[in-house]
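[1] Starting from these lines, generate the structure:
(one chain, ligands or ions: 1)
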Amino acid sequence: MSRARQMRRHARKMRRNGLQPVIVVNNDDHLPDLAAVVIGRALWRYRSELAPLYLALTLVITATALHHSQPTWWPYFLVTATLAAWALAVFGAGLGLALRAERFYAATVTMAAGAWLVAGTALGSTHRPLPHVLVAGGFVLAVPWWAHRRRRAKVRVDRQLSAWPQIAQTIGLAGSRVQSAMVDVWGWRARFALARGQTIQDVTTKIPAIESALGTFRGAVRVHPTQDDRANRFELRVLDLDPHASAIAWPGPSITSVTEPIDLGPFEDATAARFLLLRRHALIGGIAGSGKSGGINVLMGNLTACRDVVIWAIDLKRGMELQPWARCIDRLATTPEQARVLLRDAVAVLEARAEWLAGQGRRVWEPTPDMPALVIVIDEYAELADDVPDTAGHTDSIARRGRAVAVTLVAATQRPTQKAMGKGAVRSQMDVRVSFRVRERKDVDLILGQGMLTAGWHAHTLNAPGKFLISAPEHDTPRRGRAYLLTDETVAHAVTEHASLRPSLDQISRTAIEEAHAGVHLPVEDEQAEMPDSTEPALAPETALWVMLTGAPDEGIPVPHLVTATGMSRPWVYQRLRELADSGRVIQVTRGRWRAATDHRQ
Ligand SMILES: Nc1ncnc2c1ncn2[C@@H]1O[C@H](COP(=O)(O)OP(=O)(O)OP(=O)(O)O)[C@@H](O)[C@H]1O
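    As a prediction, this is how the structure comes out:
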């Protein structure tokens, strides 16, 4: 008997019993098909939510079949399940299980399902307590699956995209189809193929219609060419959240080597504003309160995470901005005199490196932890130009010749006027320009380069702290980004984490600095007047340090005196003191006071 006839008989029986069938369909023949299709569609549509049920059913059917045909195979399943669970736990990241919790969950489910299959194959799927274990265990393990945020987001996107053919028909893009889609923290992106003759411009004009059809907020949809730049493809970016709506916490360093691009923060379409600093100089501009120092913090958070870069810094605002990073900074100059010496040493380093490269027949300095890059961060570059105008020659040299030898300049300033940037090449040599909000339209060209304002780089309209425009070889169109925000606690935490990673300068550079110092007088400062040797010609820093330590009184000599006498940074002095203490040549008398060990006293 056909199912249609069965249904008709069932309906007649219901009427005889005084009941009314609920579904009335004119053509009876369609009724069974319709019900099957509706159920089938629902089972398919909710396949993600029902996946635990499908898995349980598959296990029952497979275990039943195997129990009858191959009950002795269970040891193979045990080995396979164990290996699969181990592989997921260890290599799951390659399969898209980015989080450790996801890998742990996948491994647990695999092991649990495998163990049940083993027992079901050996004993039969109805053998007690296997059915109870399946129901209870399946439910417990299904809860994280149902709760998983990214899975739910993916399902929602799949459903939105399955409606694309109708949407496309309605908005005049009939024939375009989805090729792939990906969910991320801010929303999702999908790659589409266009029908013959359609162009990306056609899609751009339909953005409001797409937003309406997908039910997003206004401004949530962006359309970009695909990476391969094919004219009949486009990428649709749909934001569930506006990435710039509020401050974005720094997710931690995006790099472990200066050879990788640094992530400054997301653009409005949530893609990362990444740029490479190696063999480039950077200029960061913006008025007070625009978030410039925040941008420098992101940079410092990343650079300090790299074992192949030594950081020097100049902060003439008495170290206000960079002081929190001091433990990770090899050398921090906070006075004009220290800044002058630091820049002179940087030039000595670049010259020595260039000479060494020439001798080796090499063209460029490849940074490694033993031969690190040198990045010099100068906060408030304008103050440097005002207070120490004679350093312009040094900064010019570094800007022009630093790239090949991996000596990089990062200058931050409120207004990079010609005066502030020195007379020479510094500004024109800046390959990466980051502009936070500027006060006047003309400042756009000062920071980003001539003609940028007319080309649409409107940094004067940036409307919240931390928002920036970046011009770099990787970024040649004006897109608004927002820098990550590092709280004071985040900075302190990063400093603690990264302090142990910091490398020292290579021997070539250290020798160059020592030679540079050997030819000059130490700066004479008030506190130095009472120190031994302060009026003698300057010694190499290592020698000056040793002289001070061996001549120190019993109660030791304070570290600031050692810093002044050597002309080097506090971290530099501490590092040498640690080395000398390790070899038993110096002792720390009290906190911050040191002297040579008794055997070495003068
Ligand atoms: N990326 C950011 N996201 C959100 N808010 C930010 C961001 N950066 C900075 N801010 C906010 O703006 C304020 C000013 O930031 P910041 O001190 O970095 O500005 P600045 O341009 O360096 O100013 P100044 O030159 O006076 O130091 C901060 O107190 C902070 O609240």
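[2] and this protein, what are its domains?
    What the record gives for the chain is the domain set 1-38, 151-239, 262-499, 521-600, from automatic domain parsing.
[3] among those, which is nearest residue 255?
    Closest approach to residue 255 among the domains of the chain (CB to CB): domain 262-499, 5.3 Å. Glycine gets a C-beta too; all of them are placed from N, C-alpha and C.
[4] burial of the closest residue to the ligand within the stretch 1-150 of the chain, as a residue count?
    Shortest the stretch 1-150 of the chain-to-the ligand distance, computed as CB to the nearest ligand atom: residue-wise this is residue 149, at 24.3 Å. By other CB atoms under 10 Å, 9 other residues sit near residue 149.
[5] Check what pLDDT it gets.
    pLDDT, residue 149: 79.
[6] Tell me how far it lies from residue 183.
    Here the distance between residue 149 and residue 183 works out to 9 Å (CB to CB, to the nearest Å).
[7] any idea how far the ligand is from residue 315?
    11 Å (CB to the nearest ligand atom, to the nearest Å).
[8] Is that residue bridged to anything, and to what?
    For residue 315, the beta-bridge partners are residue 379 (DSSP bridges).
[9] Wait, it touches residue 332, no?
    Yes. Residue 315 lies in contact with residue 332 (CB atoms under 8 Å); the separation is 6.8 Å.
[10] Which neighbours do these two have in common?
    322, 323 (CB atoms under 8 Å, 6 or more residues apart in numbering).
[11] how far away is residue 185 from residue 175?
    Here the criterion is CB to CB. By it, residue 185 lies 32 Å from residue 175.
[12] for residue 53, same thing?
    Distance from residue 53 to residue 175, by CB to CB: 37 Å.
[13] does stretch 291-303 come close to the ligand?
    Yes. Against the ligand, stretch 291-303 shows contacts by CB under 6 Å from any ligand atom at 291, 292, 293, 294.
[14] I'd like those as TSV, with pLDDT and secondary structure appended.
    Below are the residues of stretch 291-303 next to the ligand laid out as TSV (pLDDT from 0 to 100; DSSP: H, G, I helix; E, B strand; the rest coil):
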residue	pLDDT	secondary structure
291	93	coil
292	93	helix
293	90	helix
294	93	helix
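[15] Most neighbours of all those residues, which one?
    residue 292 leads those on contacts (other CB under 10 Å) with 27 neighbours.
[16] tell me the contacts of that residue?
    Residue 292 is in contact with 284, 285, 286, 412, 414, 436, counting by CB under 8 Å, 6+ apart.
[17] In the sheet, which residues pair with the first one? Tell me.
    With DSSP bridges applied, the residues forming beta bridges to residue 284 are residue 412, residue 434.
[18] Does it touch residue 294 like I think?
    No. Using CB under 8 Å, residue 284 is not in contact with residue 294, being 10.4 Å away.
[19] Around the ligand, which positions in the stretch 101-250 of the chain sit nearby?
    So the stretch 101-250 of the chain meets the ligand at residue 247 (CB under 6 Å from any ligand atom).
[20] Excluding chain neighbours, what is closest to the closest residue to the ligand within the stretch 101-250 of the chain?
    Nearest to the ligand in the stretch 101-250 of the chain, going by CB to the nearest ligand atom, is residue 247, at a distance of 3.5 Å. The spatially closest residue to residue 247, leaving aside those adjacent along the chain, is residue 485, at 4.4 Å (CB to CB, 6 or more residues apart in numbering).
[21] so the one you found sits right up against residue 249, yeah?
    Yes. Counting by CB under 8 Å, residue 249 is a contact partner of residue 485 at 6.3 Å.
[22] who has more neighbours, these two?
    Here residue 485 and residue 249 are set side by side on neighbour count (other CB under 10 Å), and the busier one is residue 485, at 18 against 11.
[23] how close does that one get to residue 460?
    Per CB to CB, residue 485 is found 22 Å from residue 460.
[24] repeat for residue 280
    25 Å.
[25] Residue 290 now?
    From residue 290 to residue 460 the distance is 11 Å (CB to CB).
[26] Repeat that for residue 337.
    Distance of residue 337 to residue 460, computed by CB to CB: 37 Å.
[27] Same check on residue 399?
    Distance of residue 399 to residue 460, given as CB to CB: 26 Å.
[28] Tell me which of the two has more neighbours.
    Applying other CB under 10 Å to residue 399 and residue 460 shows that residue 399 carries more neighbours, namely 23 against 16.
[29] hang on, that one in a helix?
    Yes. Checked against DSSP: H, G, I helix; E, B strand; the rest coil, residue 399 lies within a helix.
[30] Thought residue 426 was touching it, still the case?
    Yes. Between residue 399 and residue 426 there is a contact at 4.7 Å, judged by CB under 8 Å.
[31] which residues do these two both contact?
    Taking CB under 8 Å, 6+ apart as the contact rule, residue 399 and residue 426 both touch 281, 409.
[32] show me what contacts whichever residue of the chain sits closest to the ligand?
    In the chain, the residue found nearest to the ligand is residue 466; the distance is 2.3 Å by CB to the nearest ligand atom. Residue 466 makes contacts with 247, 248, 265, 291, 294, 295, 436, 482, 483, 485, as judged by CB under 8 Å, 6+ apart.
[33] rerun that using 10 Å as the cut-off
    Counting by CB atoms under 10 Å, 6 or more residues apart in numbering, residue 466 touches 244, 247-248, 264-265, 286, 290-292, 294-295, 298, 436-437, 481-485.
[34] before we move on, what about residue 215?
    Contacts of residue 215 (CB under 10 Å, 6+ apart): residue 160.
[35] What of the one 5 residues further on?
    Residues counted as contacts of residue 220 (CB under 10 Å, 6+ apart) are 186, 187, 207, 210, 211, 214, 237, 238, 239, 240, 241, 242.
[36] now do residue 123
    63, 67, 71, 74, 130.
[37] Around the ligand, pick out the residues from this structure.
    Contact residues, the chain versus the ligand (CB under 6 Å from any ligand atom): 247, 286, 288-294, 465-466, 482-483, 485.
[38] what about burial for the contacts of residue 123, which qualify?
    Among these, the ones that count as buried by 16 or more other CB atoms under 10 Å are 63, 67, 74, 130.
[39] Hmm, residue 60 and the last one touching each other?
    Okay, so that is residue 130. Yes. Residue 130 is within contact range of residue 60, at 9.1 Å (criterion: CB atoms under 10 Å).
[40] list the residues that contact both of the two?
    By the contact definition CB under 10 Å, 6+ apart, residue 130 and residue 60 are jointly contacted by 116, 120.
[41] ok, residue 67 touching residue 59?
    No. Between residue 67 and residue 59 there is no contact under CB under 10 Å: 11.8 Å.
[42] Which residues are in contact with each of the two?
    120, 125.
[43] Contacts for stretch 127-147 next, please.
    Contacts of stretch 127-147 (CB under 10 Å, 6+ apart): 48-53, 55-57, 59-60, 63, 67, 101-102, 104-105, 108-109, 112-113, 115-116, 119-120, 123-125, 151-152.
[44] any shared contact partners between residue 290 and residue 460?
    Here residue 290 and residue 460 have 435, 437, 438, 439 as joint contacts, going by CB under 10 Å, 6+ apart.
[45] Select only the buried ones of those in PyMOL?
    Selection of buried members from the shared contacts of residue 290 and residue 460 for PyMOL, criterion 16+ other CB under 10 Å:
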select buried, resi 435+437+438
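[46] Could you list which of the shared contacts of residue 290 and residue 460 belong to strands?
    Of these, the ones assigned to strands by DSSP state E are residue 435.
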